[in-house]
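Asker: Got a predicted model here, sequence first, then my questions.
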Amino acid sequence: MPRETPPQRPWIRVTLTTSIVAILLCLILISLSIGVIETSLADLFSQAADGEGLLLLSRLPRTLATLLAGASLAVAGFILQTLVQNRFVEPATVGTADSAALGLIGVSIVLPDAGIFSKMLVGSLAAFVGALGFLALVKRLPRTQPLLVPLCGIFYGGVISSVATFLAYENDLMQYIGIWMNGEFSGVLQGRYELLWASGLIALAGYAYADKFTIAGLGRDTASGLGLNYSQTIHLGLAIVAMVTAFTVITVGMLPFVGLVVPNIVSRFVGDNSRKVLPLVALVGGTFVLGSDILGRVLRFPYEIPAGAIFGVIGTFVFLWLLLARPSRA
Amino acid sequence: MPDKRLIFLFLSALAACLAFMLVGARGSWDFLLVFRGTKLLTLIAISVAVAVATILFQTLSANRILTPSIMGLDALYVLLQTILVFVLGGAGLASLSAEVKFLASFLLLMFASVLLFGVLLNRQREDLFRLLLIGVIFGILFRSVSALISRLIDPSEFMILQGELFASFNKTNTSLLAISALMIGLCCIVVWRRRRVLDVMALGRETAIGLGVDTGRELFIGLVIVSALVATSTALVGPVGFFGLLVSALAYELMKTSGHGPVFIAAALISITIIVGGQTLFERVLHMGATLSVVIEFLGGITFLLIVFRKYKA
Amino acid sequence: MIDIQNVTYHHGRSLILDDVSLRLKKGGITALVGPNGAGKSTLFALMARLLPLQSGSIRFDEMEVGKTGTQSLARKLAILRQEANVASRITVRDLVGFGRFPHHQGRASEADEAFVQKSLHEFDLASIADRFIDELSGGQRQRALVAMAFAQDTDYLLLDEPLNNLDMYFARSLMQQLRALADAYGKTIVIVLHEINYASGHADEIIALKQGRVALQAPPESFMTAENLFAIYGMDVQVETFGNRKIALHQV
Ligand SMILES: Nc1ncnc2c1ncn2[C@@H]1O[C@H](COP(=O)(O)OP(=O)(O)O)[C@@H](O)[C@H]1O
Ligand SMILES: [Mg+2]
């Protein structure tokens, strides 16, 4: 990867965390209070029956969904970057999301009546295989060219996605591609987003293994030397990334660049110690995505702009800035 | 005595064109000739445009992986069109003729690309992968900004935009054929006359300067031509994705030389064969008209990975 | 005559060349020596307009770099870069042929073809003329590049470490060829050398660059002293006289 470690100044992390929490709380309140049906915050929290119904049925689920999706994608991005030892990779740019979509298309063609659970399973499995394939590709690239990794990832993803598009086109499933690949939270209602809790839990599990992922990222030899079961750890990490990606794709659609931008920004401020960084990564991820969602809701009120479209623009800007601002060691 | 390979390529392009005109032809020839003929001309025009633009761009950037599309140039054209709709509004745009809109977008594209790539190619050319990644991300940025702006546009005006932008190999936009053909023809003449200077440019910047080539000027002329070709081909059939990469890789593989004369001809003929032949196959034989671009996307992506892995093994 | 006046060059903030002024007379071989990073390649790049001048001026006879059209300069001087790599996949014959480009702008005449043929022979490349550049050994490629610079048929030749990758035989024969060119055609050849004894044995004059400054400019007899070499390279070297040449025993 190697991220440079800024001087250890604990107060930075504390101040940063506090201010992000404060921003997040504000955003949550805003998110709960805006929408086509006007409600004041007071209404939401009063006992008025429709206010409560709206809150529980739609506003709260939507807010939670954005937070969960943002946080778990950011964590997944961090894990992937650690495993691949490259700061420019994330599920949407290395074909993991496209593989998940391909799996979902496949299962929709073969078993049109499959339940959500089996779809999930196939989607996650496909994402996992896709991630394994990417890792196999990366191994064959020279380590001296770190930028080749995201580049090949993008093209690898493009190849997979063209297969998915082809299948979808020939089977009249194109609208799904649109839904899965474009993250959007307007359809989130109670009962339609709960899978994201699972995604959040999985990301949390990633936290427990954070140190092991860091060691595995150093390569098979180093990791084995330190007594780590290398392939098991890699597979576990990829499984976490794959599941988070697949769950997000199927519930709200893919949000590209969250997993890339957030860890990079956070590590600029607080360095790379994964234990310390990961909670902040999750927090910032949730905040960014919630912010984009709110922006999408107010920018062209009463129409909505998908959070994915907003974040796509912000994310690419940040990515370009990362590329242009740094000297050629990625 | 032309090269045997070029003769073979010419025959295959010719066969593709004949097949396009003849396969499944039913009904009045007067109608068919006009209808299919126009479409065939459009496909040939963009084939040539994409082939020439790609080879030229690769020479200017001194490598064989970059293409205007990969570097986001056609996405930039789409973005400029979107911005035009956004600024002028659907009504304002409807009052302009297709030619005026096209020329406006082309001039903007030329300006933007000379600015963008002039700087990028001058500054970052030693670091190919950084340049490439920056280009790819710029492409994604242009696409996402277009998507965002098109969401901001009134839905009814968005319909106008869609009509303008959603051309494809399958549904070509023939209203601009005459002006496009003219423009592509002009570009080809200019490029052909400069082919020997391009050979020198391909040796690398320092060698070219040493041999007395004004590389800054050549870069500028080249970028203007690439912009013109990309603008025309995007206006006619929309973004072409990896198609250019596929064509240039095949042309260089087949010709085994860097001489721009034969390579330009080979690339144009290969391009015609793939697009016209592919369209005949997919539309008339397999009845899967809309999926040719997806298949090209697939093949182009694989080509990219193959080139990279062959050249940069760990 | 090459006339370099007050050339200073910065890379970002670091000073690479510090007020370099030099005069090289027309005809003959001048060797440019100095430790790695002294600024020799940078000076060459400025002389050959590969880098823009920041201050000072450089002239080849009546032609001032930066004020003369790049095409005319290409007929006045040829340069071989230190890390010359050829981006395109071409044969040795084509590569050498490009050396004639400044003269014919792409339309080679028979005289041009003949000159290419002569260059190929001159540098022992006739047998590999139709091989591709990327299939050659480092030394063969180096000779092809020198032949290309020769084919440019200019009054001035700037060669940056042309002996790289050459074996003993070709290194000496290249130096002898350059000597012959200088003597027979009156060419002015400036050549960056790391092996000081080639400079001593073949050059008319030696210039030492150190940390971006001219440290010494002298004919070989007076240049080759233990004190001078110590001042330039910071190492103790014994200098012996063999016949009419001075040889530094620095390998041991
Ligand atoms: N692109 C560059 N960026 C920064 N410094 C450079 C660059 N190129 C050369 N330099 C520096 O300029 C100095 C002179 O380099 P160079 O002219 O190549 O020396 P020489 O050819 O004498 O070995 C060196 O210190 C080198 O580090
Ligand atoms: Mg040097």
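Answerer: It's in. Ligands and ions are numbered 1, 2, ... in the order given.

Asker: State the mean pLDDT of the strand or helix carrying B:L182.
Answerer: Using DSSP states H and E, B:L182 falls within helix B:177-193. If you average the pLDDT over helix B:177-193, you get 91.

Asker: next helix or strand past it?
Answerer: Reading on from helix B:177-193 to the C-terminus, the next helix or strand found by DSSP H and E is helix B:195-201.

Asker: Which one of the residues in chain C is closest to ligand 2?
Answerer: Closest contact between chain C and ligand 2, by Cβ to the ion, is at C:S41 (3.2 Å). From N, CA and C alone the C-beta is placed, and that goes for glycine too.

Asker: Could you check how many residues crowd around that residue?
Answerer: Using other Cβ atoms under 10 Å in any protein chain shown, C:S41 is surrounded by 20 other residues.

Asker: Check the secondary structure at it for me.
Answerer: Secondary structure state of C:S41, per DSSP: H, G, I helix; E, B strand; the rest coil, is helix.

Asker: same deal with C:V86?
Answerer: coil.

Asker: Let me see the contact set for the residue lying closest to it once chain neighbours are set aside.
Answerer: Leaving aside its chain neighbours, C:V86 sits nearest to C:I133 (5.2 Å; criterion: Cβ to Cβ, 6 or more residues apart in numbering or on different chains). Residues counted as contacts of C:I133 (Cβ atoms under 8 Å, 6 or more residues apart in numbering or on different chains) are C:86, C:89-92, C:95, C:141, C:144.

Asker: cool, B:M288 as well?
Answerer: By Cβ under 8 Å, 6+ apart, the contact set of B:M288 is A:169-170, B:282.

Asker: One more: A:L226?
Answerer: A:L226 sits next to A:I215 when contact means Cβ under 8 Å, 6+ apart.

Asker: How about the residues of the stretch 51-200 of chain A by chain B?
Answerer: Within the stretch 51-200 of chain A, the positions near chain B by Cβ under 8 Å from any Cβ of the partner chain are A:88, A:137, A:139-143, A:145, A:147-148, A:150-152, A:154-156, A:158-159, A:162-163, A:165-166, A:169-170.

Asker: Where does the nearest residue to A:L167 once chain neighbours are set aside sit: helix, strand or coil?
Answerer: In space, not counting the residues next to it along the chain, A:L167 is nearest to A:I105; the distance is 5.1 Å by Cβ to Cβ, 6+ apart. What three-state DSSP gives for A:I105 is helix.

Asker: And A:I105, what's its pLDDT?
Answerer: What the model reports as pLDDT for A:I105 is 90.

Asker: Then A:G53?
Answerer: pLDDT recorded at A:G53 is 62.

Asker: Next: the one 3 residues further on.
Answerer: pLDDT, A:L56: 67.

Asker: which residues are in contact with the helix holding B:L182?
Answerer: B:38, B:41-42, B:45, B:48-49, B:52, B:56, B:99, B:102, B:198, B:221, B:225, B:228-229, B:232, B:235-236, B:261, B:264.

Asker: Could you see whether chain B lies near stretch C:144-157?
Answerer: Yes. Legend: contact between stretch C:144-157 and chain B by Cβ under 8 Å from any Cβ is shown at C:Q152.

Asker: Low-confidence stretches in the chain?
Answerer: Defaulting to chain A. Along chain A, segments meeting pLDDT under 70 span A:1-9, A:35-56, A:190-191, A:326-330.

Asker: right idea, wrong chain: chain B
Answerer: Residues of chain B that meet the criterion pLDDT under 70 lie in B:1-2, B:90-91, B:93-94, B:122-126, B:155-172, B:258, B:289-290, B:313-314.

Asker: switch to 50 and redo it
Answerer: Within chain B, no stretch has pLDDT under 50.

Asker: need the longest helix for it.
Answerer: helix B:29-60 (DSSP state H).

Asker: Spatially central residue for chain B, please.
Answerer: Centroid-nearest residue in chain B, with Cα atoms, centre = their mean: B:V50, separated by 3.0 Å.

Asker: What residues does that residue make contact with?
Answerer: Applying Cβ under 8 Å, 6+ apart, the residues near B:V50 are B:229, B:233, B:240, B:243-244, B:247, B:271.

Asker: what's stretch A:230-244 in contact with?
Answerer: Residues from elsewhere that reach stretch A:230-244 (Cβ under 8 Å, 6+ apart): A:72-73, A:75-76, A:79-80, A:82-83, A:91, A:96, A:100, A:124-125, A:127-128, A:130-132, A:135, A:198-199, A:202-203, A:205-206, A:209, A:212-213, A:215-216, A:220, A:223-224.

Asker: OK, now which residue of the stretch 1-150 of chain A is nearest to chain B?
Answerer: Closest to chain B within the stretch 1-150 of chain A is A:L147: 3.8 Å, counting by Cβ to the nearest Cβ.

Asker: burial of that residue, as a residue count?
Answerer: A:L147 has 21 nearby residues by other Cβ under 10 Å.

Asker: Name the nearest residue to it, sequence neighbours excluded.
Answerer: Of all residues not flanking A:L147 in the chain, B:F129 sits nearest, at 3.8 Å (Cβ to Cβ, 6+ apart).

Asker: what about the one you found, neighbour count?
Answerer: Using other Cβ under 10 Å, B:F129 has 21 neighbouring residues.

Asker: A:T82 sits in which helix or strand?
Answerer: Going by DSSP H and E, A:T82 is in helix A:60-84.
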